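> I need the structure of the sequence given here:
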Amino acid sequence: MSYSVGQVAGFAGVTVRTLHHYDGIGLLVPSERSHAGHRRYSDADLDRLQQILFYRELGFPLEEVAVLLDDPDADPRAHLRRQHTLLTARIERLQKMAAAVEHAMEARTMGINLTPEEKFEVFGDFDPDQYADEVQERWGGTDAYRQSQRRAASYSKEDWQRIQREADDLTRRFVGLMEAGEPADSEAAMDAAEAHRQGISRNHYDCGHEMHTCLGEMYVNDERFTRNIDQAKPGLAVYMRDAIVANATRHTS
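Purely as a prediction, here's the structure:
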């Protein structure tokens, strides 16, 4: 049985022009011609076309494909083994590429342009993308969220390291006040709360006292925040909330 050039193009998902080109360079010459001189392809021709397309998909130039297929010492099984090895290697490369793209997507979700290694270096065990979907669902429509995304997208690893150092210094400042017995509504504690608010405004989004108070309440009402903050010192979340509220009252009353 033989097939027309149009049928073969449809089978293989290539253009008629491509088949004409393969014929012209001697890579795939049809076994037969009709009485009118039209190309007719046999099953053996289709097998050869399949081999050509395999190697083309793997990036081989046509000249090399011709050399491989016309090797008198190679049998069909050798071609299949070679293609299986090449395809396996390509799958591994594509999987690595897909993983890299996934990491990039994760970083973009929070606007953090860091590699996984850099994220671990900056944030340690804390994953800034862990609650990305929840953050977007709760605050995605707010100006603060959009502002935070824009700023985060512009930050380098060094920027994030600086921001993390500032946060760590402020945590130690609050812990020191607690251990010194300073009340949450003392001047020193309120000053620390104000530094906290200004840090948010400087690094993330404009944070007024009302919004800052809402954050302080979330530190206490959301056990995930409480658990994370209280790692530095038990009761720190409540102390920070109380200092934030006192500082807001000081500035708005």
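> what ranges do the strands span in the chain?
Remark: strands assigned in the chain by DSSP state E are 3-4, 32-33, 39-41.
> Where does the prediction get shaky in the chain?
Along the chain, segments meeting pLDDT under 70 span 74-76, 97-142, 145, 253.
> What separation do you get for the residue lying farthest from the centre of it and Ser2?
Within the chain, the residue lying farthest from the chain centre (CA atoms, centre = their mean) is His35, at 58.5 Å. With distances taken as CB to CB, to the nearest Å, His35 is found 13 Å from Ser2. Heads up, the C-betas are built off the backbone N, CA and C, glycines and all.
> Equivalent analysis for Tyr41, please.
6 Å.
> overlap in contacts of the two?
Shared contacts of Tyr41 and Ser2 (CB atoms under 8 Å, 6 or more residues apart in numbering): Ser31, Glu32.
> So those two - more neighbours on which side?
Tyr41 (26 against 17; other CB atoms under 10 Å).
> Would you agree the more buried one is in contact with Ser31?
Yes. Using CB atoms under 8 Å, Tyr41 makes contact with Ser31 at a distance of 6.9 Å.
> Touching both of those two, which residues are there?
Ser2.
> can you count the residues close to the residue nearest to Tyr55 when sequence neighbours are not counted?
Leaving aside its chain neighbours, Tyr55 sits nearest to Val65 (4.5 Å; criterion: CB to CB, 6 or more residues apart in numbering). Neighbourhood size, Val65 [other CB under 10 Å]: 20.
> How about the contacts made by the nearest residue to Leu53 once chain neighbours are set aside?
Excluding the flanking residues, the one nearest Leu53 by CB to CB, 6+ apart is Ala12, at 6.4 Å. Neighbouring residues of Ala12 by CB under 8 Å, 6+ apart: Leu46, Leu49, Gln50, Leu53.
> Report the buried members of these.
For the contacts of Ala12, a burial check counting by 16 or more other CB atoms under 10 Å picks out Leu46, Leu49.
> could I get the contacts of Ala12 as TSV with distance to Ala195?
Shown next, in TSV, are the contacts of Ala12 (distance: CB to CB, whole Å):
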residue	distance to Ala195
Leu46	74
Leu49	71
Gln50	69
Leu53	65
